[in-house]
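Asks: The following comprises the amino acid sequence and a computationally predicted model.
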Amino acid sequence: LGGHLRTPFLSFLFFLCWFVVGRVIKMPLSELYQDTEAPEMKVSQKEMEDAKLDIGYRDFCAHLLIPLNKCRVQNFYLPWKCEEERHSYEKCQYDDYVRRVNKLTKERLEAKGF
């Protein structure tokens, strides 16, 4: 950043960190790490086998991957096609990752006695 923007930007950044950290510290763990329970599977093992999903992709987002793969095959894997399906699948993967990180963090904090 330029010299004329550095000070206001850093001041705002420090304020934002202070504000967020102050709110997070006052929250109980039950509110901070909600939704750490695994969601239910929406497709069966048989459906995943029929769709020829690799074992590594048979997770909680498989119900979104199956139509995404069908769309990709129908559209010859063109990158600008199937955008909605791809976005919903990637969002599901991200949400699952965040859920697993929160679960692990909650377990570590509980182990330390917080």
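Replies: In hand now; what should we look at? Residues are numbered from 1 along each chain as shown.
Asks: Okay, buried residues for the lengthiest helix in the chain please.
Replies: Looking across the chain with DSSP state H, the single longest helix is helix 83-112. Along helix 83-112, these residues count as buried under the neighbour rule (16 or more other CB atoms under 10 Å): E85, R86, Y89, C92, Q93, R99, K106. C-beta: built from backbone N, CA, C; applies to glycine.
Asks: the bottom helix or strand of this structure by mean pLDDT?
Replies: helix 29-32 (a mean of 58; mean pLDDT, DSSP states H and E).
Asks: I'd like the next helix or strand past it.
Replies: helix 45-50 (DSSP states H and E).
Asks: Would you check how far apart H87 and L68 are?
Replies: As judged by CB to CB, to the nearest Å, H87 and L68 stand 10 Å apart.
Asks: typo on my end, M48
Replies: From M48 to L68 the distance is 13 Å (CB to CB).
Asks: Please apply the same query to Q45.
Replies: Taken as CB to CB, the span from Q45 to L68 is 19 Å.
Asks: And the two? Which one has more around it.
Replies: Per other CB atoms under 10 Å, whichever of Q45 and L68 has more neighbours is L68, with 18 against 11.
Asks: which residue sits closest to that one, ignoring its sequence neighbours?
Replies: Closest residue in space to L68, ignoring its immediate chain neighbours: E85 at 4.2 Å, by CB to CB, 6 or more residues apart in numbering.
Asks: and what of K42?
Replies: Leaving aside its chain neighbours, K42 sits nearest to H63 (3.9 Å; criterion: CB to CB, 6+ apart).
Asks: All set, thanks.
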